[in-house]
Every structure is written in structure tokens, then in C-alpha cells.
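Asks: A predicted structure for the sequence below; I have some questions about it.
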Amino acid sequence: MKSQTKKPTLLYVVTQGHWGGAQMYIHSLITRLTDDFDIHIAIGAGEKNNDLANTLANIVPIHELDHLKRAISPIHDTLALLELHKLYKTIQPDIIHLNSTKAGILGSIASAGCNNAKVVYTAHGWVFHEPLPKMKKVVYKALEAYSSKHKDAIITLSPQDSHVGKQLVKKHTTITEIPIGIAPAKLLSKKDAQDILQKKIGKKIDNDTFWFGTIANLYKTKGYDVYLQAIANMEKRNDCVFFCIGDGPEKKDLLRLTKELQLKNVYFVGTIDHARTLLNAFDTFVLPSKKEGLPYTILEAMHAEIPIITTNVGGIPSLITHKETGLCVEPSNAKELTKALDYAQDHNDDMVSYAKTAKETSKTYSLENMVEETRKLYSTLL
């Protein structure tokens, strides 16, 4: 009788399960690596909608971490360290793959004493590039540098983040650049996608209206406040509609700002499952972020051949070159963003041309390549 070789144990750790880029990344890897590894996932608990846990419930064991939370808390963070260390001792993973800043810092420090485990960390954009108080940035940068000595490999998603990582981490930590990749989605037709969004707002939109769309969680880092200011300054904003798909902690403030600016054609429609299938509804896709890693939504819009306006942050410049594959403006600059919105509305033929070029560029970002390169990295560590 042939003996069966035991598969290596792989543990993913992430701070929160609310659907976003890091969660999509983890889901893509887990669902394609189950034949190679015995996979577990640990997720910070306490959320109303743990999307990642829900989608993986019947695929891998899920461990809820009661004290791993997004906000800084000395008490919870200390307890999260103990919680993670205990989980590592119980599962005895061969590889621990950390995702998101808090999980990356605490999860790597907690691995001390787990001599057999190799620690991988994916930097989904460096947190100290967020619009934070100066002292917080200094602290996060120091913590990233300190915790790197407990990491065997760091995955970065873009040349920009690789450059920062090499300056930041200890010499023995390997920096490996593996860009995200996606599988092409089946998109709804323009009419069907627009019908769904019109039903969401209970309103019929005139045929000659120009549609702008955004798909992003309502976080400060996504730059929605700047976007609303930019819309308010547009010359012909009343000839446009602006759909914002996503939810998050900034919703109340953004709705208040929308009212203060007297924007009657901006619609926050909440989370929509498989939102990327609606991309054809938009004449132009907008992502006004203040901080990013390498955003899935930009890559999805590129695949869908939708014209793009975005900002020069994180790895976005490796995807969007200004007036070649879209419009790429400086972050937190409402004046520049207004000019871009006006340009898209008045020069649709140019925007369509940029989108065609962007689609060709997007073909190099394949899901298969992302998974295979990550598998190879795991193999080198075992």
C-alpha cells in the first residue's frame, strides 16, 4: 500500500473579513491551492458581515480572532498577540501568510518561538502612505521595520511598493514582487447594468446623461471627500450622474457632505454583489484614492475596457499612464480631479482610445500567474 504524503499546512491571517482587495486576493489563492496545501484561515472577529468567512465556510477551517481589530488598542493588540501565538501552536502551520497591516505586524511578532513556521506577508499598500497624523506614520513605519525581522518573505504588488519595501525591511527578508491578477468577468450589457442601478435609486435617468461610476469601500483612504468637492466644481455636473458602489464607516459623513455641496445627482447605492459585472453601465470609472496597493477595481475596469480616472498613488501608475491608458492625477487635489472629470465628459473619444490601450495592458495581469508565482514562493520556503 502506497503511503500518502502529508500536505504542508498553510495558514492565512487577515485583520477583517469585509470584502475588499485583500479579501479577494486571499479568496483567489485559497480556492486554487487546496490541492497543494492543508489550508486554514484566521480572521478578526466582531463584524456584522464577515464576507470572507461566509464565502469560505465550506472550503477551509475558519478561526475567529476575538482581539484582532483594525483600530489600534494596546489591550486588544496584546491579547491578539497571545491569541495568534496560541493558534500557531495549535495548528502548527508550515507557512503563515499574513495580510493587511495589523495582521502583518502582530502576526509576525506572534510567530516568535514557532521555529518551523515560515512567515510570508503581503503588503497591500504601505499603511504609512495613508493620510494619517505624522506621528502615526512614524510609528507604523517603525513597526513595519521592526516586525520584518520575523518575516521570511514579503510580497509586494507593484514596483513602487517594492522600492519602499527594500528601503524599509531588514536585509534577511526577501522582497518578491507578485502583481495581482484577475480572471475576466462576464459583464452585463450597458442597458441591463444601467437598469439595475436605476432600480436601486428608484429613478429613470435621461438617455443623454453621462455616467460616472466608482466601486470602493467608503474609507477615508478612498478619497470620496475630494471626489465630492471635485464634482461640485464641474462645469456641467448637472448633465452627469455619479454612482458610488460600496459601504463603510465614512458613509454618514459623505452623505452629509453631499447635502452640503447640494449634489443632487450623486448616489451612494451600498454594496452590490459582483459589482464589477455592472461596469458597462459607466462611461467613465473613477477611483480617487489617497492610498492604494494595486487595486483590483482598476484592473477590472481595464479588463472591461471602461475609461478610467484615478490618482497617482501606490501601484496605480504601473497600471495607468496619464493620457495613454487613462487619466491619472495627483491625490487629494480636487482641482485636478475636476479637470479630469470635465475632460472625460468633453473628450469621450480620447477616453475610449485610452481604454482600448489599457485593456491590452491588463492582459499581462493574469490570475494564473499570480497563483503560480505565489505557489513557487511557498515552495522555496518549505
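Replies: Good, I have the coordinates. Residues are numbered from 1 along each chain as shown.

Asks: Then Thr258 would be within a helix, right?
Replies: Yes - per DSSP: H, G, I helix; E, B strand; the rest coil, Thr258 lies within a helix segment.

Asks: pretty sure it contacts Leu228?
Replies: Yes - under the criterion of Cβ atoms under 8 Å, Thr258 makes contact with Leu228 at 6.0 Å. In short, each C-beta sits where N, CA and C put it, glycine included.

Asks: Now do the shared contacts for the two.
Replies: Val266 (Cβ atoms under 8 Å, 6 or more residues apart in numbering).

Asks: Neighbours of His97, how many?
Replies: Neighbourhood size, His97 [other Cβ atoms under 10 Å]: 27.

Asks: bridging residues for it?
Replies: Listed by DSSP bridges, the beta-bridge partners for His97 are Tyr12, Val120.

Asks: Look up how far Val14 lies from it.
Replies: Going from His97 to Val14 by Cβ to Cβ, to the nearest Å gives 9 Å.

Asks: can you check His303 too?
Replies: From His303 to Val14 the distance is 25 Å (Cβ to Cβ).

Asks: Looking at these two now, which is surrounded by more residues?
Replies: Using other Cβ under 10 Å, the more surrounded residue of His303 and Val14 is Val14, with 27 against 20.

Asks: so who does the more buried one touch?
Replies: Ala22, Gln23, Ile26, Ile41, Ala42, Ile43, Gly44, Leu52, Leu98, Asn99, Ser100, Ala103.

Asks: any chance of these in JSON lines, plus distance to Pro331?
Replies: Shown next, in JSON lines, are the contacts of Val14 (distance: Cβ to Cβ, whole Å):
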{"residue": "Ala22", "distance to Pro331": "20"}
{"residue": "Gln23", "distance to Pro331": "23"}
{"residue": "Ile26", "distance to Pro331": "26"}
{"residue": "Ile41", "distance to Pro331": "32"}
{"residue": "Ala42", "distance to Pro331": "32"}
{"residue": "Ile43", "distance to Pro331": "30"}
{"residue": "Gly44", "distance to Pro331": "27"}
{"residue": "Leu52", "distance to Pro331": "28"}
{"residue": "Leu98", "distance to Pro331": "26"}
{"residue": "Asn99", "distance to Pro331": "23"}
{"residue": "Ser100", "distance to Pro331": "21"}
{"residue": "Ala103", "distance to Pro331": "25"}
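
Asks: So among those residues, which ones count as buried?
Replies: Ala22, Gln23, Ile26, Ile41, Ala42, Ile43, Gly44, Leu52, Leu98, Asn99, Ser100, Ala103 (16 or more other Cβ atoms under 10 Å).

Asks: does Tyr378 count as helix, strand or coil?
Replies: helix.

Asks: Correct me if wrong: it contacts Val120.
Replies: Yes - the pair Tyr378 / Val120 is scored as a contact, 7.5 Å apart, by Cβ under 8 Å.

Asks: neighbour-wise, which of these two wins?
Replies: The neighbour count for Tyr378 versus Val120, taken as other Cβ under 10 Å, is higher for Val120 (24 against 20).

Asks: my read: the more buried one touches Ser379, true?
Replies: No - using Cβ under 8 Å, Val120 is not in contact with Ser379, being 11.9 Å away.

Asks: Let me know how buried the closest residue to Val169 other than its chain neighbours is, in neighbour terms.
Replies: Leaving aside its sequence neighbours, Val169 sits nearest to Ser148 (Cβ to Cβ, 6 or more residues apart in numbering; 3.7 Å). Using other Cβ under 10 Å, Ser148 has 22 neighbouring residues.

Asks: Same question for the one 4 residues further on.
Replies: Other residues near Asp152 number 19, with proximity taken as other Cβ under 10 Å.

Asks: in the chain, which ranges drop under the pLDDT threshold?
Replies: For the chain, applying pLDDT under 70 flags the ranges 1-4, 46-49, 170, 172.

Asks: Please work out which residues outside stretch 364-375 touch it.
Replies: Counting by Cβ under 8 Å, 6+ apart, 28-29, 32-33, 36, 155, 176, 178-183, 299, 319 sit against stretch 364-375.

Asks: mind saving the C-alpha coords of that stretch as PDB?
Replies: Provided in PDB are the C-alpha atoms of stretch 364-375 (Å, rounded to 0.1, in the frame of the first residue of the first chain):
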ATOM      1  CA  THR A 364      -0.400  40.700 -18.500                       C
ATOM      2  CA  TYR A 365      -2.100  40.600 -15.100                       C
ATOM      3  CA  SER A 366      -3.400  37.100 -15.100                       C
ATOM      4  CA  LEU A 367      -4.800  35.200 -12.100                       C
ATOM      5  CA  GLU A 368      -3.000  32.100 -13.100                       C
ATOM      6  CA  ASN A 369       0.400  33.900 -13.000                       C
ATOM      7  CA  MET A 370      -0.400  35.300  -9.500                       C
ATOM      8  CA  VAL A 371      -1.300  31.900  -8.100                       C
ATOM      9  CA  GLU A 372       1.700  30.100  -9.800                       C
ATOM     10  CA  GLU A 373       4.200  32.700  -8.600                       C
ATOM     11  CA  THR A 374       2.800  32.500  -5.100                       C
ATOM     12  CA  ARG A 375       3.000  28.700  -5.100                       C
END
